[in-house]
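J.: How does the following fold in three dimensions:
(one chain, ligands or ions: 1)
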Amino acid sequence: MNKDKDLNELRNEIRTIDKELVKLFEKRMTLCRAVGETKLKSQAPVFDAVREEENIRNLTALIENVTDKMYFTGWYRSLMDISKEIQRSICKKQG
Ligand SMILES: O=C(O)C(=O)C[C@]1(C(=O)O)C=C[C@@H](O)C=C1
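T.: Take a look at the predicted model:
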């Protein structure tokens, strides 16, 4: 029974973190939409490879665990892919 309690506690902690992640995800996507609007106005390209690599470099430097670094990179690239998809749909609006 004690084992079950531990599992529940751990899952509750994960759920708390997930709720924070959801809020942060929505905040990030809102900002990415705003960036998309400025790119549309200035006709700047959606994809900025230099910026993406710089982001990955700076952020992974904050992670100590080597395995976490690797998984974070994949996760973060997916996030930036989502941003680009959203921005492309904004930039397509006015063709
Ligand atoms: O910095 C930008 O220009 C963004 O639009 C943000 C962002 C990101 O999601 O971090 C998205 C697309 C770019 O390729 C680079 C970075």
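J.: so where does whatever residue of the chain ends up closest to the ligand fall, helix or strand?
T.: Going by Cβ to the nearest ligand atom, the ligand is nearest to residue 83 of the chain, at 3.3 Å. In this view, the C-beta of every residue, glycine as well, is placed from N, C-alpha and C. Assigned by DSSP states H and E, residue 83 belongs to helix 66-92.
J.: Same check on residue 29?
T.: Per DSSP H and E: helix 2-42 holds residue 29.
J.: What is that helix packed up against?
T.: helix 66-92 (3 or more Cβ pairs under 8 Å, 6 or more residues apart in numbering; DSSP states H and E).
J.: For the helix it packs on, buried residues please.
T.: 72, 80, 83, 84, 86, 87, 90, 91 (16 or more other Cβ atoms under 10 Å).
J.: The fourth one contacts residue 47, doesn't it?
T.: Yes. With contacts defined as Cβ atoms under 8 Å, residue 84 counts as touching residue 47 at a distance of 6.0 Å.
J.: what's the overlap in contacts for these two?
T.: Overlap between the contact sets of residue 84 and residue 47, as judged by Cβ atoms under 8 Å, 6 or more residues apart in numbering, is nil.
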